[in-house]
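Novice: Predicted coordinates and the sequence they were generated for:
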Amino acid sequence: MDAIIYVVIAVVCLALGFIAAYFILKNSAKGAASKAASIISDAQAKEESIKKEEEIDAKDRNIK
C-alpha cells in the first residue's frame, strides 16, 4: 500500500514539474521576443541616424 502512495506522489510531482517548466519557458520566450524587438528597433533608429549623417557628409563634400 505504501508503494502505491509513493508512486502517486511521484507522478503528481512529475506532472507539477512539467507544468511549472511549461509556464517558465513560455514566459521566458515572451521576454526574449520583446527584447529582440527592442534590439531591432534600436538598430533601425541607429541606421536612420547613420544614413542622415552620411547624407550631410556627402553634401558637405560636394559643396567644397
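Specialist: Cool, got the structure.
Novice: Phi and psi next, for the residue most central in space within the chain.
Specialist: Relative to the mean C-alpha position of the chain, the nearest C-alpha, by Cα atoms, centre = their mean, is the one of A32, at 0.9 Å. For A32, the backbone dihedrals are phi -70, psi -40 (criterion: degrees, to the nearest 10).
Novice: begin at 899 from here
Specialist: All set: I'll call the first residue 899, so the last point we hit is now A930.
Novice: K924 versus that one, what's the distance?
Specialist: 11 Å (Cβ to Cβ, to the nearest Å). C-beta: built from backbone N, CA, C; applies to glycine.
Novice: next one: E946
Specialist: 34 Å.
Novice: so E951 is in which element?
Specialist: Assigned by DSSP states H and E, E951 falls within helix 900-961.
Novice: what about that helix, average pLDDT?
Specialist: Computed over helix 900-961, the mean pLDDT rounds to 91.
Novice: now for that helix, which elements pack on it?
Specialist: Contacting helix 900-961 under the criterion 3 or more Cβ pairs under 8 Å, 6 or more residues apart in numbering; DSSP states H and E is no other helix or strand.
Novice: so how far is it from its chain's centroid?
Specialist: 0 Å (Cα atoms, centre = their mean, to the nearest Å).
Novice: Tell me how many other residues crowd I937.
Specialist: Neighbourhood size, I937 [other Cβ atoms under 10 Å]: 10.
Novice: ugh, wrong one, I meant K949
Specialist: K949, neighbours per other Cβ under 10 Å, totals 10.
Novice: From A908, how far out is I902?
Specialist: Between I902 and A908 the computed distance is 11 Å (Cβ to Cβ).
Novice: my bad, K957
Specialist: With Cβ to Cβ as the criterion, K957 and A908 are 73 Å apart.
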